[in-house]
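Visitor: Provide a 3D model corresponding to the input given below.
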Amino acid sequence: MDEHQAEIKAWLVNGSNGGADVEAVVRMMKSYHTKRVAYFVANGWPEDDPHPITINNQNHVTAGNHRVRSARYMKLDEVDVLVRE
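Guide: Okay, here's the model as predicted:
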């Protein structure tokens, strides 16, 4: 679980009239995801990352989507992944 999840939820609830303003939630989530990808593009991610890119046995990303998108922007040919059944 993301250690910032409680902060993100509070930020969304406060900025969207308790979640009632769906357009605000969508706008805020797009902003959040864009910032996450930009952060990884600018800073990379640590080799001992506690949240690795994880795929299942059908090669579907199950965790680490921000890192995958960042790797595409960085034009990386290969990234380490963890395969889980």
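Visitor: looking at the chain, which helix or strand does the model trust least?
Guide: In the chain, no helix or strand scores lower on mean pLDDT, DSSP states H and E than helix 5-15, which sits at a mean of 77.
Visitor: where along this structure do the strands fall?
Guide: Using DSSP state E, the strands found in the chain span residues 54-55, 61-63, 82-83.
Visitor: Show me the shaky parts of the protein.
Guide: 1-4 (pLDDT under 70).
Visitor: Out of the strands of the chain, which is the most enclosed?
Guide: Most buried of the strands of the chain, by mean neighbour count (mean count of other Cβ atoms under 10 Å): strand 54-55, with a mean of 16. Heads up, the C-betas are built off the backbone N, CA and C, glycines and all.
Visitor: Tell me which residues are up against that strand.
Guide: 61, 62, 63, 64, 81, 82, 83, 84 (Cβ atoms under 8 Å, 6 or more residues apart in numbering).
Visitor: burial measure for the fourth one, as a count.
Guide: Put plainly, it is residue 64. 21 (other Cβ atoms under 10 Å).
Visitor: and the contacts of strand 54-55 as CSV, adding distance to residue 6?
Guide: Formatted as CSV, these follow (distance: Cβ to Cβ, whole Å):
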residue, distance to residue 6
61, 24
62, 23
63, 19
64, 21
81, 28
82, 25
83, 30
84, 26
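Visitor: Identify, from those residues, the entry nearest to residue 9.
Guide: residue 63 (18.8 Å; Cβ to Cβ).
Visitor: gap between the nearest residue to that closest one once chain neighbours are set aside and residue 28?
Guide: Nearest non-adjacent residue to residue 63, counting by Cβ to Cβ, 6 or more residues apart in numbering: residue 54, 4.0 Å away. Per Cβ to Cβ, to the nearest Å, residue 54 is found 26 Å from residue 28.
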